[in-house]
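Student: For reference, the sequence and a predicted model appear below.
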Amino acid sequence: MILGVLKEKLNENRVSLVPEVVKQLAQLKVNVWVEAGAGKQAWYTDEAYLEAGATIQSREKILQEADILLSIHQPDKPEWEQVTAGKTWIGVYQPLYKAALMQDLAAKNFTVFSLDSIPRTTRAQSMDVLSSQANIAGYKAVLLAANTYSRYFPMFMTAAGSIPPAKVLILGAGVAGLQAIATARRLGAVVEVFDTRPAVKEEVLSLGAKFVEVEGAADASKAGGYAVEQTSEYKQQQEAKITQAIAKADIVITTAQIPGKPAPILVTTGMLEAMKPGSVIIDLAAATGGNTSQTKNNTSVVYNNVTIVGNSELPSSMPADASKVYAKNVYNFLQLLIDKTGQFTLNFEDDIVKGACITHGGQVTNERVLQSLGVTA
């Protein structure tokens with residue numbers, strides 16, 4: 001079996017496999033082909049891949065001859081249309097947002113595994129790309145905020161007077177939010193956190209932050225770590241609480257997303273107008289519309305003297321470590337698909353394999369994607 005690693009598109013610095021993992025795959029009797037320069041932006045050289053046992057090949061040869069194709073983002077249509085039917089693709093393809101594309105890939109008889117659809121269970125933690133990449137995003141969000149903000153994060157007592165610590169408000173205490181709390185606290189900020197899930201309160205407090213509570217949240221225990229739709233009454237209470245907290249905040253980091261739907265607007269135009277001049281918002285949900293009314297994806301805008309940075313690709317700004325943990329996630333998933341002889345095998349009795357599989361046998365197979373297409377499984 002040949003496993004092909006493709007170089008990512010422009011503006012994506014990560015790579016699907018790193019040399020360390022190539023060595024592990026060689027022990028599973030897998031032939032790994034890596035596109036020339038695929039790891040360059042993540043500081044993994046072609047020489048390092050060769051030493052690990054990979055073969056450096058052209059993109060064209062990999063696309064035509066590899067059995068499994070690894071690409072974090074799906075290639076452009078003119079390219080995948082030229083690929084032989086029946087190939088297997090593994091990456092992070094956002095199938096709930098790109099359901100029509102999944103239908104096109106199914107029509108090509110591709111088997112598509114999207115790692116962002118892996119069930120977020122205890123057994124699947126070692127394959128959870130959303131968590132591994134969100135951890136990096138939360139860390140980088142705080143560093144980006146500190147770099148953008150025009151004042152100190154920690155409190156300083158100087159001969160010239162005292163400087164108060166920055167007040168950071170984090171909306172969403174998932175993996176990214178919790179890492180953002182820890183990083184902001186290390187930098188000396190005072191941190192408040194809002195989340196619709198009361199169960200995260202203990203974690204928030206353990207990191208030294210204050211938890212902003214709103215009563216009556218809908219149960220999110222079965223939402224895989226994501227936010228869920230809330231009642232209109234709850235949303236009114238939520239808005240009132242956030243309005244109070246955001247008016248005092250210097251930095252706001254937003255992380256809330258709902259699978260298959262636009263990100264919820266947590267920061268309204270009215271809230272933005274009540275914020276302090278010079279405040280900074282880092283919106284990690286920008287790719288799905290953003291958590292503020294003024295967010296623009298991959299762009300920084302200034303609204304009413306508040307800088308809003310829309311960036312959902314922060315892991316790509318730390319490509320070496322982001323690629324390392326992503327590659328380990330991929331390796332752990334591949335072990336479910338590769339038998340002792342190094343051959344590709346599918347076991348749809350495995351809940352992880354079934355959950356991650358989006359298309360197979362010419363059909364869209366994932367229940368959630370079918371629902372988004374309005375099709376009953």
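Tutor: Looks like it arrived, so ask away.

Student: thought Y97 was touching G260?
Tutor: Yes. Between Y97 and G260 there is a contact under C-beta atoms under 8 Å: 6.7 Å. For the C-beta atoms, the positions are set from N, CA and C on the backbone; glycine is no exception.

Student: what about the stretch 101-250 of the chain, any weak spots by pLDDT?
Tutor: Along the stretch 101-250 of the chain, segments meeting pLDDT under 70 span 217-230.

Student: tell me the helices in it, going along the chain?
Tutor: 129-148, 175-186, 201-206, 232-248 (DSSP state H, counting those that start in this stretch).

Student: Now render those as TSV, adding distance to L70.
Tutor: Converted to TSV, these look like this (distance: least, C-beta to C-beta, whole Å):
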stretch	distance to L70
helix 129-148	12
helix 175-186	23
helix 201-206	33
helix 232-248	40
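
Student: deepest of those helices, which one?
Tutor: Ranked by average neighbour count under the criterion mean count of other C-beta atoms under 10 Å, the helices of the stretch 101-250 of the chain are headed by helix 175-186 at a mean of 24.

Student: For that helix, name the packing helices and strands.
Tutor: For helix 175-186, the packing partners by 3 or more C-beta pairs under 8 Å, 6 or more residues apart in numbering; DSSP states H and E come out as helix 129-148, strand 167-171, strand 190-194, helix 201-206, strand 251-254.

Student: Any chance of the backbone angles for the nearest residue to A137 once chain neighbours are set aside?
Tutor: Among residues not flanking A137 along the chain, L314 sits closest, at 4.3 Å (C-beta to C-beta, 6 or more residues apart in numbering). Backbone torsions of L314, given as degrees, to the nearest 10, read phi -60, psi -30.

Student: what about L314, how many neighbours?
Tutor: Applying other C-beta atoms under 10 Å, we find 22 residues neighbouring L314.

Student: do T307 as well
Tutor: So T307, with other C-beta under 10 Å, has 17 neighbours.

Student: What strand or helix carries it?
Tutor: Element membership of T307 [criterion: DSSP states H and E] is strand 306-310.

Student: following that strand, which helix or strand comes up?
Tutor: The C-terminal neighbour of strand 306-310 among helices and strands, as given by DSSP H and E, is helix 319-334.

Student: Counting neighbours, which bits of the next helix or strand after that next one end up buried?
Tutor: Next along the chain after helix 319-334, taking DSSP H and E as the criterion, comes helix 351-356. For helix 351-356, burial by neighbour count (16 or more other C-beta atoms under 10 Å) applies to I352, V353, K354, G355, A356.

Student: Now do the same contact list for S132.
Tutor: Applying C-beta atoms under 8 Å, 6 or more residues apart in numbering, we find S132 in contact with A322, V325, Y326, K328, N329.

Student: From R185, how far off is it?
Tutor: Applying C-beta to C-beta, to the nearest Å, the value for S132 to R185 is 21 Å.

Student: same thing with A160?
Tutor: In terms of C-beta to C-beta, A160 sits 26 Å off from R185.

Student: Tell me the confidence at the closest residue to V15 other than its chain neighbours?
Tutor: Using C-beta to C-beta, 6+ apart and skipping residues adjacent in sequence, the residue nearest V15 is G39, 4.4 Å away. According to the prediction, G39 has pLDDT 98.

Student: what about G39, neighbour count?
Tutor: Neighbours around G39, by other C-beta under 10 Å: 29.

Student: Surely it touches E20?
Tutor: No. Contact criterion C-beta under 8 Å: G39 and E20 do not qualify, at 11.3 Å.

Student: isn't L50 right next to I56, touching?
Tutor: Yes. The pair L50 and I56 passes the contact test of C-beta under 8 Å, sitting 6.4 Å apart.
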